[in-house]
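> Got a predicted structure plus its sequence, pasted below:
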Amino acid sequence: MGGDNRRVMVTGALGQIGSELVPHLQLLYGTQNVLATDIKEPSGSYSSSYERLDVLNVAELRGLVKGYDIDVVYHLAAILSATGEMRPDLAWDVNINGFRNVLEMARESLIDKIFHPSSIAAFGTETPRLNTPQDTVLTPRTIYGVTKVTGELLGKYFFEKFGVDVRGIRLPGVISNVAPPGGGTTDYAVEIFYEAIERGSYECFLRPDTTLPMIYMPDCLKAFQDLMDAPSETLKHRTSYNLSSLSFNPAELAAEIMKHKPEFTITYKPDFRQEIADSWPMSIDDSCARAEWGWSPDYDLGAMVDDMCFVLAARHESGKI
Ligand code: NAD
Ligand code: SER
């Protein structure tokens with residue numbers, strides 16, 4: 001993937017993942033070859049080519065793809081699980097029709113490769129929750145999960161029917177320290193760090209024993225790159241790879257943070273997101289990702305917490321948060 005002059009577009013680029021994926025892609029492809037887009041406007045200075053784009057507007061999407069001669073799209077524009085339950089029509093529209101518009105660009109041969117993330121939300125209460133298999137029951141309980149399963153199948157259909165090279169991962173909850181998470185059920189695992197640094201306490205919206213799969217952003221970016229670099233012929237689960245990195249619950253995360261901030265306290269007040277979390281796996285079998293494109297994470301819980309605390313404490317001391 002690195003070292004060539006492919007031109008890359010990122011949709012939903014101002015979100016949690018896009019905010020770190022764009023600079024990562026700039027290093028790989030050159031700043032001039034990366035176009036960031038989002039329905040929002042960036043705040044302050046923004047260090048990439050930027051165009052406002054609503055992915056539901058297919059004419060604008062086609063105009064940008066043609067105008068910038070785009071080869072590859074990282075399609076991140078989406079409505080996440082908690083927001084989706086409050087706005088199910090919007091979640092369906094953005095997550096399905098937005099993706100369909102990007103797929104059409106490939107069917108028209110305007111682009112030749114798409115990355116489209118799925119999620120652990122593709123699973124449901126009938127799915128085995130421990131070491132969840134790659135090929136298993138997909139009966140999600142949220143509209144977000146329904147759109148993720150549909151997206152996996154739509155991508156697979158476009159590959160088999162039209163030869164469109166779509167690739168995707170069932171991402172665990174992503175932990176990061178650049179942009180805030182965008183309305184998901186795993187958001188607590190990011191919020192807790194900011195509250196620990198700024199206030200010394202956190203009220204968690206999940207129960208202390210709610211174990212969920214998670215991943216730290218550097219591993220998330222590595223997974224995107226490794227999957228996109230893999231030879232097409234090795235990919236048997238192309239649009240829906242299980243991915244495992246970390247699995248922990250709020251009590252275990254709080255205990256790890258207390259090693260850095262012994263005075264930190266946590267309280268629990270579960271809300272509607274508890275039911276969503278209870279329908280998701282606790283741990284994931286990612287043997288297909290390991291076998292088919294060499295996936296292997298770098299961060300364990302201790303290393304992730306060390307890094308998050310270090311980065312956020314430095315930013316707090318310099319008055320940036
Ligand atoms: P986010 O909510 O932080 O960012 C999504 C971005 O999409 C936002 O900046 C938003 O403005 C933009 N957007 C919304 N509607 C749009 C539209 N109509 N047109 C253009 N842009 C629009 O989400 P994220 O965490 O960066 O997630 C990116 C992708 O990864 C999504 O597909 C999400 O489902 C998936 N994912 C994320 C996580 C996670 O924990 N962050 C986990 C699993 C899967
Ligand atoms: N982090 C995401 C969410 O909670 C999982 O896809 O919605």
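Happy to help now that I have it. Ligands and ions are numbered 1, 2, ... in the order given.
> what residues does the stretch 151-300 of the chain put near ligand 1?
Proximity of the stretch 151-300 of the chain to ligand 1 is confined to 171, 173, 174, 181, 182, 183, 184, 186 under the rule Cβ under 6 Å from any ligand atom. All C-beta spots, glycine's among them, are computed from the backbone N, C-alpha and C.
> ok, so of these, who is nearest ligand 1?
Top of the list for closeness to ligand 1, among those and by Cβ to the nearest ligand atom, is residue 182 at 2.0 Å.
> Among the residues of the stretch 151-300 of the chain next to ligand 1, find the lowest-pLDDT one for me.
On pLDDT alone, residue 182 ranks lowest of those, at 94.
> SS state for the closest residue to ligand 2 within the stretch 151-300 of the chain?
Using Cβ to the nearest ligand atom, the single residue of the stretch 151-300 of the chain nearest to ligand 2 is residue 184, 2.5 Å away. Following DSSP: H, G, I helix; E, B strand; the rest coil, the label given to residue 184 is coil.
> residue contacts, the closest residue in space to it that isn't next to it in sequence?
Leaving aside its chain neighbours, residue 184 sits nearest to residue 80 (4.0 Å; criterion: Cβ to Cβ, 6 or more residues apart in numbering). When contacts are counted by Cβ atoms under 8 Å, 6 or more residues apart in numbering, residue 80 touches 144, 181, 182, 183, 184.
> Could you check how far residue 80 is from residue 71?
Separation of residue 80 from residue 71 (Cβ to Cβ, to the nearest Å) stands at 27 Å.
> and the host helix or strand of residue 228, what other elements does it pack with?
In this structure, residue 228 sits in helix 217-229 according to DSSP states H and E. Here helix 217-229 touches helix 18-29, strand 113-115, strand 169-171, strand 173-175, helix 287-293, going by 3 or more Cβ pairs under 8 Å, 6 or more residues apart in numbering; DSSP states H and E.
> If we use 7 Å, what do you get?
Here helix 217-229 touches helix 18-29, strand 169-171, strand 173-175, going by 3 or more Cβ pairs under 7 Å, 6 or more residues apart in numbering; DSSP states H and E.
> Run me through the strand neighbours of the second one, direction for each.
The sheet places strand 169-171 alongside strand 118-119 (parallel), strand 241-242 (parallel), with pairing taken from DSSP bridges.
> Mean pLDDT, mean neighbour count and distance to residue 41 added to these, as JSON lines?
Below are the strands paired with strand 169-171 laid out as JSON lines (pLDDT from 0 to 100; neighbours: other Cβ atoms under 10 Å; distance: least, Cβ to Cβ, whole Å):
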{"stretch": "strand 118-119", "mean pLDDT": "98", "mean neighbour count": "26", "distance to residue 41": "27"}
{"stretch": "strand 241-242", "mean pLDDT": "98", "mean neighbour count": "26", "distance to residue 41": "33"}
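> So for residue 267, what's the pLDDT?
So, for residue 267, pLDDT stands at 98.
> Report the separation between it and residue 250.
10 Å.
> When those two are compared, which one has more neighbours?
residue 250 (23 against 9; other Cβ atoms under 10 Å).
> Identify the residue nearest that one in space, chain neighbours excluded?
Going by Cβ to Cβ, 6+ apart, residue 250 has residue 204 as its nearest residue, at 4.8 Å.
> so the one you found touches residue 271, yeah?
No - using Cβ atoms under 7 Å, residue 204 is not in contact with residue 271, being 10.0 Å away.
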